[in-house]
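1. coords please:
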Amino acid sequence: MRKGLWLVACLLVIITLLAGSCGRQPNEQPSELPTEQPTEQPTVGIMVESDTVEVGSSFMVLGSNFKPNQKVWIDIEFRGRYGLQVYCEADEDGSIHPIIEVPLDTVPGDYEVKISTGEYVHDRQLLTTLLIHIQ
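-> Residues are numbered from 1 along each chain as shown. From the prediction side, this is the model:
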């Protein structure tokens, strides 16, 4: 399962990179160089092999357009168990792809996966909340 998730994650990153380079002719130069590059908002999603995630298995959180080495926090509170907090840093391309393990004693149901950025726990800013179904 992990090998399949990793392959899909790699393909998504490649597609994202290729999409950003489309539309410009090879020798085309911009008419004017901007003084400051606008930054895109980070894009985050959840990668699962099917519509649901089984208790005891895992899922991947995929993200792009982060600043290189930007700190990203992933929080999920599993019913029947304490909350889980995963910390990662964006790679040099601004991507994240941590794998979240679903504990065996998790109560099946719908869960919120909260994605935040920030240097430390106390200064985190919520970026988005994603839903995942665990059975």
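2. OK, contacts around Ser116?
-> With contact taken as CB atoms under 8 Å, 6 or more residues apart in numbering, Ser116 is in contact with 72-75, 124-127. In short, each C-beta sits where N, CA and C put it, glycine included.
3. top of the residues you listed by neighbour count?
-> Val72 (22 neighbours; other CB atoms under 10 Å).
4. Out of the contacts of Ser116, which is nearest to Asp105?
-> Nearest to Asp105, judged by CB to CB, of those is Asp75 at 18.4 Å.
5. I'd guessed the closest one sits against Ile100; true?
-> No. Using CB atoms under 8 Å, Asp75 is not in contact with Ile100; the gap is 10.4 Å.
6. Now do the shared contacts for the two.
-> Common neighbours of Asp75 and Ile100, using CB under 8 Å, 6+ apart, are 84, 86, 113.
7. how deep is the first one tucked in, by neighbour count?
-> Residues lying near Leu84 (other CB under 10 Å) number 16.
8. For it, give the beta-bridge partners.
-> Beta bridges link Leu84 to Ile76, judged by DSSP bridges.
9. All set, thanks.
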